[in-house]
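Trainee: attaching a predicted model along with its sequence, questions to come.
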Amino acid sequence: MSLQIEQFMCRSDNFGVILHDTESGETAIVDAPEETAIRAVLERTGWSPSLLLITHHHPDHVAANEALKARYRLTIVGPRAEAAKVPGIDRGVSEGDNVEFAGRTIEVIETPGHTSGHVSFHMPGEKLVFAGDTLFAMGCGRLFEEGPAVMLGSMKKLAALPPETVVYCGHEYTLSNARFALSVDPENAVLKTRAERVEALRAEDKPTLPTTIGEELATNPFLRWNDAGIRKTLGMEDASEEAVFAEIRKRKDNF
């Protein structure tokens with residue numbers, strides 16, 4: 001079976017993602033930032049969605065839920081813990097649940113931190129994960145509803161996925177994330193090379209995503225809390241993982 005993925009910009013810096021199985025004709029949307037942008041892709045491709053997967057309740061991820069449901073009569077699946085905040089939700093899911101799409105299994109991974117009920121959608125057969133606002137390229141989501149320990153646990157879950165897993169994120173934050181990453185991991189040659197590539201892509205207004213788990217393990221400070229170089233830069237050689245992660249997040253918040 002062949003899976004096509006359309007990634008496109010919505011709002012100011014959100015990414016929209018649409019999945020289409022060419023054999024069955026089934027189509028799914030991941031998050032719904034903006035009706036106009038999503039409909040433009042659907043009208044261009046001729047695809048008709050039957051499923052909308054929601055990672056978390058923030059308005060820039062659910063704004064188009066009800067309009068899309070009314071137009072396409074699709075099923076909305078989102079985090080059970082945030083069901084009351086997800087417009088039009090039909091099914092709440094949590095850790096260990098599966099969603100079926102075009103003969104494929106989508107695993108639900110609870111990844112709270114940015115919000116308390118945030119989930120990510122993992123397609124192991126296709127080596128894909130849709131991480132919403134938990135994991136970004138060289139970054140992680142702000143801790144709006146949970147503390148560092150909770151987000152650290154979520155990041156560990158994603159870090160444990162196979163390194164070749166392709167990661168789709170909710171926002172184009174990569175350039176600012178790269179600049180921050182260099183401030184706490186200045187001797188990382190792989191990071192320096194990646195940052196230069198990102199600068200070039202954004203100068204041409206090209207997207208920097210998707211990324212992979214392997215690339216993030218090598219360059220994302222929020223997955224490198226045990227790296228000796230980062231710990232030395234922070235002056236936290238003997239600190240706990242949680243303390244190092246919290247300090248990195250604090251520095252990013254003030255960067």
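Mentor: Sure thing, it's come through.
Trainee: can you give me the helices for the stretch 1-150 of the chain?
Mentor: Along the stretch 1-150 of the chain, counting by DSSP state H, counting those that start in this stretch, helices occupy 35-45, 59-62, 65-72, 148-159.
Trainee: adding mean pLDDT and distance to residue 238, write these out as TSV.
Mentor: Just so you know, the C-beta spots here come from the backbone N, C-alpha and C atoms, and that holds for glycine as well. Compiled in TSV, the helices of the stretch 1-150 of the chain are given as follows (pLDDT from 0 to 100; distance: least, Cβ to Cβ, whole Å):
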stretch	mean pLDDT	distance to residue 238
helix 35-45	97	48
helix 59-62	97	39
helix 65-72	98	47
helix 148-159	98	17
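Trainee: for residue 115, which of those helices is the nearest?
Mentor: Using Cβ to Cβ as the criterion, the shortest distance between residue 115 and the helices of the stretch 1-150 of the chain is 9.6 Å, found for helix 59-62.
Trainee: ok, residues contacting that closest one?
Mentor: Applying Cβ atoms under 8 Å, 6 or more residues apart in numbering, the set of residues contacting helix 59-62 from outside is 11, 14, 31-33, 54-55, 78, 85-87, 132-133, 170.
Trainee: do you know the pLDDT at residue 27?
Mentor: What the model reports as pLDDT for residue 27 is 98.
Trainee: repeat for residue 146
Mentor: pLDDT, read off for residue 146, is 98.
Trainee: go ahead and confirm it touches residue 111.
Mentor: No. Counting by Cβ atoms under 8 Å, residue 146 sits too far from residue 111 to count as a contact (10.4 Å).
Trainee: the helices of the stretch 1-150 of the chain into a markdown table, with extra columns for distance to residue 213?
Mentor: Supplementary listing: the helices of the stretch 1-150 of the chain in a markdown table, determined by distance: least, Cβ to Cβ, whole Å:
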| stretch | distance to residue 213 |
| --- | --- |
| helix 35-45 | 26 |
| helix 59-62 | 22 |
| helix 65-72 | 29 |
| helix 148-159 | 7 |
